[in-house]
Each structure stands twice: as structure tokens, then as C-alpha cells.
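Novice: structure for the following, please:
(chains A and B)
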Amino acid sequence: MTKSELIQRLAERNPHLYQRDVELIVSAIFDEISNALARGDRVELRGFGAFSVKRRDARIGRNPRTGDSVAVDEKIVPFFKTGKQLRERLNQGA
Amino acid sequence: MAGHTVTRAQLSEAVYQEVGLSRNESAALVDTVLNEIADALARGEMVKISSFGSFSVRQKGQRIGRNPKTGEEVPISPRKVLVFRASHVLKDRINRVAAANKTREPLKTGVM
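Specialist: Coordinates of the predicted model:
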């Protein structure tokens, strides 16, 4: 399912909303999550999962092709932990 | 600044500010969006949200684990796990803001 398919589904379920508004709603949700992560905040959606960021220290990496050493800067990476309810749902009947 | 937790309430508020819906309906829409994503994943579908990231379900085989307290070996049953891969847009955005903040104060990141 892509973002546009998600928007399509929501529009079908909410015939009183304009497709344009559904697009705005979906964007607002993902923008809000992205903004929170950019601030270093955590986003906790009970039953679904939690988004957070982790810091990776600067390190000396290697170019796998040439074997040359390259300095890799410190960076922040996004991280997602699946919520209990969703994790259990994925494994139902397994 | 950092160290706060955003929940459904803030997402609903963002939706409420964006379109002229009631607070209740905004909250219901946030739930619907999350449920649609969860439904697709439960069907085994991959969910791709452009400029945000993708969620996919990965099948893990059985393996032998160990109880860290007792050292006892226990079989870990085969299971499905959800994997989130952030898009480059999101990764760049997080690092751009972090770099901008660095000049003023070190960014506190969520330690897990």
C-alpha cells in the first residue's frame, strides 16, 4: 500500500470529505511525526508502535570496494519499535 | 525542547488545525490512518509512505535463544517482525535540524 492508496481508502471510508482534505490530513500526521523526530522527541502511538531517534557516534568507516578509510560523521537515525498489539496481530494464527 | 513524547493527542491536534473538522473527528481520523496501515501489514502488504518511510513484514525462522539470567537455552519460535525503513528525506531532515542545533546546544536524543 502506498501513500496515495492509503489516501484513496480513507476517501472511500469518508465520503463526506474532499479528497484534497484527506491528503492534507495524511500529510499533517506524517509531518507531525517527522517534526517531532527532528526535534529529538519520541512519538508513542499505543498499540501501533513508537518512533524515536538514536545517535550514532562518528566513526572511521571503510570504502568496501577500495578498503580506504573514510571519516563518518556523527549522525542521528530514526528508529521504530513495533507496539505490542500490532506485533501480536502480525503473528496471529502463526 | 528535546525529550518530549508526542502521542495521538498531538497528531489529532495537527489534523484539527489543518482542516475544519471537529476534534472528535480529527482524533477518529488519526486512528483510521493507523488502523489502515496495521490492516495492510497484517495482510502481509508492505506500506510505503513517500518522503517518510516504509514498513514491511519480515518472516524470521526458528532459532535458539538463551535466558540471559539462567543461561538456559530456549527455542525461539518462527515469527513475523515489522521493519521500518526511514526514507532519505526523513533522515536528512532529522540530521539537518540536529546540525543546526549543534551550534547552540548539543541535541539530546532519546536513549533506549
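Novice: could you give the number of residues near B:Q59?
Specialist: 10 (other C-beta atoms under 10 Å in any protein chain shown). All C-beta atoms are positioned from the backbone trio N, CA, C, and that covers glycine.
Novice: phi, psi of the residue lying closest to it once chain neighbours are set aside?
Specialist: Setting aside the residues directly before and after it, B:Q59 is nearest to B:K80 in space (C-beta to C-beta, 6 or more residues apart in numbering or on different chains), at 5.7 Å. The phi/psi pair for B:K80 (degrees, to the nearest 10) reads phi -100, psi 140.
Novice: contact partners for B:K80?
Specialist: A:90-91, A:94, B:57-60 (C-beta atoms under 8 Å, 6 or more residues apart in numbering or on different chains).
Novice: which among those residues count as buried?
Specialist: A:90, B:57 (16 or more other C-beta atoms under 10 Å in any protein chain shown).
Novice: what's the closest of the contacts of B:K80 to A:F48?
Specialist: A:L90 (11.8 Å; C-beta to C-beta).
Novice: what are the buried residues along stretch B:40-59?
Specialist: For stretch B:40-59, using 16+ other C-beta under 10 Å, the buried residues are B:40-41, B:47-49, B:52-53, B:55, B:57.
Novice: picking that back up, single out whichever of the contacts of B:K80 has the smallest pLDDT.
Specialist: When the contacts of B:K80 are sorted by pLDDT, the bottom entry is A:A94 at 50.
Novice: who are the packing partners of the longest helix along chain A?
Specialist: Assignment by DSSP state H gives helix A:19-38 as the longest helix of chain A. Secondary-structure packing of helix A:19-38 (3 or more C-beta pairs under 8 Å, 6 or more residues apart in numbering or on different chains; DSSP states H and E): helix A:3-13, strand A:42-45, strand A:49-56, strand B:5-6, helix B:8-18, helix B:23-42, helix B:88-102.
Novice: list the contacts of it.
Specialist: By C-beta under 8 Å, 6+ apart, helix A:19-38 touches A:3, A:6-7, A:10-11, A:14, A:17, A:42-43, A:51-53, A:78, B:4, B:6, B:10-11, B:14-15, B:17-19, B:26, B:29-30, B:33, B:49, B:51-52, B:90, B:93-94, B:96-98.
Novice: buried subset of those residues?
Specialist: The buried subset of the contacts of helix A:19-38 - by 16+ other C-beta under 10 Å - is A:3, A:6-7, A:10-11, A:14, A:17, A:42-43, A:51-53, A:78, B:6, B:10-11, B:14-15, B:18-19, B:26, B:29-30, B:33, B:49, B:52, B:90, B:93-94, B:97-98.
Novice: before we move on, the earlier item: tell me which entries of the contacts of B:K80 lie within strands.
Specialist: B:57-60 (DSSP state E).
Novice: next one: phi and psi at B:R79?
Specialist: Torsion angles, degrees, to the nearest 10, at B:R79: phi -150, psi 170.
Novice: need the pLDDT of it.
Specialist: 93.
Novice: next: the one 4 residues further on.
Specialist: Per-residue confidence (pLDDT) for B:V83: 97.
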